[in-house]
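Undergrad: quick one, structure for this:
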Amino acid sequence: MSMDTNKIVKEWFYRLPKGYALAPYTDQELKVLNEVLNENGLSLDEDVDILDQAFLDAKPVKEAVSDEEFIPYLTDIMSKEAMLAQAQVNTILATYEKLSEKEKEDFQNNLRKQNLNKFISSGWKVYEKFFAPIGETKGLGRGEMQILLAVDDTETGGTGKKDIVMKGGGMYEVKELTKNFNFDPAKDGMATKFELTYTLQDFYRDTVSPMREAPLGPDLFETLKPLVEESSLDSLQKLVDTLQEYFIPIPDEKIRIFREVSYVPMSNMYEGFVLLNEIFYKSKLDTDVQDSRVTVKSKGDQDTFWISGDDADKISKASGKPDTISINVGDEIDDENKNAMIWLKRLERHPFVQDPNKMVQEFNNITRSFFQGVKGLIWYYLGNPKPNLSSSTSDWVITHVTRGNYRFALKEKLNTSKYKYLAVQG
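TA: Okay, here's the model as predicted:
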């Protein structure tokens with residue numbers, strides 16, 4: 001029978017009050033030994049002869065350093081090496097004092113002696129009770145404390161850096177996922193930092209908002225009908241239906257403020273852009289209309305007039321040259337945002353309508369910007385002290401915006417068949 005006798009003896013000694021046993025063994029010592037043997041599929045009656053030599057060679061288990069001696073050392077190393085504030089150190093001490101003697105010994109033997117890979121694999125178990133320690137620990141997220149206790153050459157990044165700083169180089173963010181498998185990247189996800197936010201806001205300001213009132217609304221189809229060929233009316237109806245189904249239900253104010261934008265609006269906008277692209281560029285919709293115009297500013301006033309496409313070419317060719325040109329100026333445009341012809345061409349030329357993949361690229365840019373600043377992401381499922389390590393942007397997608405920040409979520413846990421904008425990210 002193959003067995004690890006040293007392991008069995010060590011476990012036996014751990015369970016004894018003195019930390020070791022000497023022959024002749026007491027009934028209580030033999031009772032504990034029998035429990036350990038049974039757990040390993042062995043029997044005291046059948047296998048004790050095989051174990052005898054191991055018992056003779058065994059040495060008492062090393063006792064833990066006394067709390068009076070260890071606590072000053074622990075305080076010093078966590079404040080000077082891990083750079084924790086005294087309140088954070090006090091939380092560690094309060095949690096440590098509640099450990100069993102065996103747990104204290106393991107704590108002492110592993111204190112800041114692991115590399116990150118060992119910690120991720122199994123080393124975290126020693127410091128499991130420090131994942132969510134006693135009391136509130138301001139300045140540290142859940143999981144950060146156990147990393148600082150276990151992994152050598154680490155210090156807290158505080159508020160000015162990333163969560164965990166490796167003294168040899170590199171920084172890591174630490175995040176606990178919500179029940180929906182996402183996390184808030186805080187300032188690294190601020191919506192105001194990214195082009196996607198402004199592109200969507202411009203679309204609503206210039207395209208969606210004008211649809212809600214005259215002259216474009218309330219009957220957009222009839223307004224646009226004179227601008228397309230008779231053969232394109234079916235495609236025009238699909239265009240109007242798409243705008244009304246995917247964009248109009250989203251309030252202008254939600255996009256203008258861009259503080260709370262959930263899954264459904266995000267998904268609708270992406271799918272709406274996909275359909276608009278198909279209508280404009282893959283159907284029979286004929287929108288070959290001219291929208292050339294010239295704007296004149298004088299004494300603070302600004303006026304815009306229609307001109308022909310040929311006259312627009314004349315202006316372009318003559319720009320910067322001493323040549324004199326003659327153009328015909330058409331009617332004045334009262335409101336460019338409400339002019340049907342300008343509105344339609346603006347819609348057709350919107351970057352996300354021309355190529356919906358550009359919206360996906362903007363999502364990916366947000367994810368990449370987060371990972372460019374760190375060596376990796378150490379993350380936890382909600383309430384689970386087992387750490388996970390990720391260094392790939394493909395594991396994460398942007399889902400929605402809350403409190404003005406884009407949220408990152410674990411792609412493999414999401415319903416990508418329902419929300420197509422999630423499936424195409426990464």
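Undergrad: for stretch 241-252, which residues meet the burial criterion?
TA: Neighbour counts using 16 or more other CB atoms under 10 Å place Thr242, Leu243, Tyr246, Phe247, Ile248, Ile250 of stretch 241-252 among the buried residues. C-beta coordinates here come from the backbone N, C-alpha and C atoms, glycine included.
Undergrad: okay, and which of these map to helices?
TA: Taking DSSP state H as the definition of helices, the buried residues of stretch 241-252 contribute Thr242, Leu243, Tyr246.
Undergrad: ok, then the element right after the helix or strand containing Asn365?
TA: Assigned by DSSP states H and E, Asn365 falls within helix 357-372. Using DSSP H and E, the next helix or strand after helix 357-372 towards the C-terminus is strand 376-380.
Undergrad: run a quick neighbour tally on Lys193.
TA: 14 (other CB atoms under 10 Å).
Undergrad: mind listing what it touches?
TA: Ser369 (CB atoms under 8 Å, 6 or more residues apart in numbering).
Undergrad: what do you get for the one 3 residues further on?
TA: Listed by CB under 8 Å, 6+ apart, the contact set of Leu196 reads Met359, Glu362, Phe363, Asn365, Ile366.
Undergrad: residues in contact with Lys418?
TA: Lys418 neighbours (CB under 8 Å, 6+ apart): Ser267.
Undergrad: just checking, it is part of a helix?
TA: No - Lys418 is assigned coil when assessed by DSSP: H, G, I helix; E, B strand; the rest coil, not a helix.
Undergrad: next, it: phi, psi?
TA: Lys418 adopts backbone torsions of phi -80, psi -40, taken as degrees, to the nearest 10.
Undergrad: what pLDDT is listed against it?
TA: On the pLDDT scale, Lys418 is placed at 94.
Undergrad: correct me if wrong: Phe258 contacts Gly404.
TA: Yes - when contacts are counted by CB atoms under 8 Å, Phe258 is listed as touching Gly404 (7.1 Å).
Undergrad: strands of the chain, start to end?
TA: 154-156, 164-166, 171-176, 182-183, 293-298, 301-306, 332-333, 376-380, 388-390, 396-402, 405-410 (DSSP state E).
Undergrad: format those as CSV; extra columns: distance to Asn277.
TA: Converted to CSV, the strands of the chain look like this (distance: least, CB to CB, whole Å):
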stretch, distance to Asn277
strand 154-156, 47
strand 164-166, 43
strand 171-176, 35
strand 182-183, 28
strand 293-298, 26
strand 301-306, 28
strand 332-333, 27
strand 376-380, 33
strand 388-390, 33
strand 396-402, 20
strand 405-410, 24
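Undergrad: among the ones you listed, which is nearest Ser209?
TA: strand 332-333 (17.7 Å; CB to CB).
Undergrad: could you list the domains of this structure?
TA: The record's domain parsing of the chain by automatic domain parsing lists 5-57, 67-169.
Undergrad: lowest average pLDDT across those?
TA: domain 5-57 (a mean of 72).
Undergrad: end to end, how far does stretch 137-146 reach?
TA: 12 Å (CA to CA, to the nearest Å).
Undergrad: go through it and flag the buried ones.
TA: So, applying 16+ other CB under 10 Å, buried residues of stretch 137-146: Thr137, Leu140, Arg142, Gly143, Glu144, Met145, Gln146.
Undergrad: what about that stretch, distance to the chain center?
TA: 18 Å (CA atoms, centre = their mean, to the nearest Å).
Undergrad: and the longest helix along the chain, what does it pack onto?
TA: Ranked by residue count under DSSP H, the longest helix found in the chain is helix 263-282. Using 3 or more CB pairs under 8 Å, 6 or more residues apart in numbering; DSSP states H and E, the elements in contact with helix 263-282 are helix 233-246, helix 351-354, helix 357-372, strand 396-402, helix 420-423.
Undergrad: and if we set it to 6 Å?
TA: helix 233-246, helix 351-354, helix 420-423 (3 or more CB pairs under 6 Å, 6 or more residues apart in numbering; DSSP states H and E).
Undergrad: which residues sit against the helix holding Asn365?
TA: 185, 188, 194-196, 270, 351-352, 393, 396, 398, 406, 424-425 (CB atoms under 6 Å, 6 or more residues apart in numbering).
Undergrad: that helix versus helix 263-282: what angle between them?
TA: 130 degrees (axes from the mean of the first three to the mean of the last three CA atoms, to 10 degrees).
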